[in-house]
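Peer 1: fold the following, please.
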Amino acid sequence: MDRWLDFILNLLKWPVAVLMVLVLPALIHVLDYFSFTNLRFFAFLAGAFLYLALKIVASSRSNVSMQILAHEFTHIFFALLTFHKVFHIHLNMDESGGAMGFKGNGNWLITIAPYFFPLFLFFLMLGITFFSEKFPEGLLINGILGYFFAYHLESIFVQIHGEQPDFHEVGFSFCLMFLPGANMLMCLAVLAFNNGGWVSVQKYFYIVYRLTQQNLAQVLSFFTM
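Peer 2: Just a heads-up that it's a prediction; the model follows:
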């Protein structure tokens with residue numbers, strides 16, 4: 001099963017990269033549909049600023065180990081999603097990095113996932129969904145989301161650089177095409193969740209889909225006139 005899925009994903013690698021480029025205008029346009037003047041968003045911002053303030057007060061390397069752990073667990077998460085058996089995870093004692101091993105050749109999604117997918121936020125969002133009755137309702141949850149959103153942005157900023165072995169593996173051209181759109185897609189999905197849960201996320205993806213359709217139709221009409 002994993003071999004067939006790897007084969008299909010690797011066939012889709014460049015079409016997905018092109019799709020991420022085509023979706024970018026819609027992702028910019030979809031910002032018009034977000035509300036940034038409500039208390040939920042202000043609480044979200046407060047949580048993000050709290051993370052930044054604590055980051056400034058603490059050592060600049062205070063969460064390096066956590067970032068490495070999140071990085072490797074994101075590799076593991078996508079390896080499991082694509083039906084690979086994971087053998088091990090290893091973190092270097094000097095906080096220089098880590099590694100994980102799995103059965104099979106793998107695919108580009110496993111390799112590139114830590115550079116766009118907010119693993120901690122994803123499980124936090126699931127936790128809020130399944131245990132919402134036990135969570136304190138109100139702006140506190142929005143603040144927690146903002147805190148981990150800022151953590152995610154910092155992790156992405158730190159990890160994306162030209163010396164990443166994963167980028168060499170999938171190719172820099174692919175990274176340039178895929179990562180901007182993929183990161184914006186995921187980050188806006190978190191903002192949509194903050195605004196109204198998974199229903200808002202569903203509406204967000206539908207709007208992006210419709211806007212992309214309209215943009216492509218306009219491009220095609222220009223060339224067929």
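Peer 1: from here on, just use CA atoms for contacts and neighbour counts.
Peer 2: Fine.
Peer 1: distance check, the most centrally placed residue in the chain against residue 186.
Peer 2: Compute the mean C-alpha point of the chain, and by C-alpha atoms, centre = their mean the closest residue is residue 117, 2.5 Å away. The gap separating residue 117 from residue 186 is 7 Å, by C-alpha to C-alpha, to the nearest Å.
Peer 1: which ones are touching the nearest residue to residue 80 once chain neighbours are set aside?
Peer 2: In space, and not counting its chain neighbours, residue 80 is closest to residue 86: 7.2 Å by C-alpha to C-alpha, 6 or more residues apart in numbering. Contacts of residue 86 were listed using C-alpha atoms under 8 Å, 6 or more residues apart in numbering, and they are 76, 79-80, 100-103.
Peer 1: same list (these) but as TSV, adding pLDDT, secondary structure and neighbour count.
Peer 2: As requested, those are exported to TSV (pLDDT from 0 to 100; DSSP: H, G, I helix; E, B strand; the rest coil; neighbours: other C-alpha atoms under 10 Å):
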residue	pLDDT	secondary structure	neighbour count
76	92	helix	26
79	92	helix	25
80	92	helix	15
100	76	strand	16
101	75	strand	16
102	79	strand	17
103	82	coil	12
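Peer 1: ok, of the residues you listed, which one's closest to residue 222?
Peer 2: For the contacts of residue 86, the residue nearest residue 222 by C-alpha to C-alpha is residue 79; the value is 41.8 Å.
Peer 1: strands of the chain, residue ranges please.
Peer 2: Under the criterion DSSP state E, the chain contains strands at 86-91, 98-102.
Peer 1: figure out which of these is closest to residue 15.
Peer 2: Residue 15 lies closest, by C-alpha to C-alpha, to one member of the strands of the chain: strand 98-102, at 25.7 Å.
Peer 1: partners of the closest one in the sheet?
Peer 2: strand 86-91 (antiparallel) (DSSP bridges).
Peer 1: could I get the average pLDDT for the strand it pairs with?
Peer 2: For strand 86-91, the mean per-residue pLDDT is 75.
Peer 1: which secondary structure elements does the helix ranked longest in the chain contact?
Peer 2: Using DSSP state H to assign secondary structure, the helix with the most residues in the chain is helix 172-224. If you count contacts as 3 or more C-alpha pairs under 8 Å, 6 or more residues apart in numbering; DSSP states H and E, helix 172-224 packs onto helix 13-29, helix 39-57, helix 119-130, helix 139-159.
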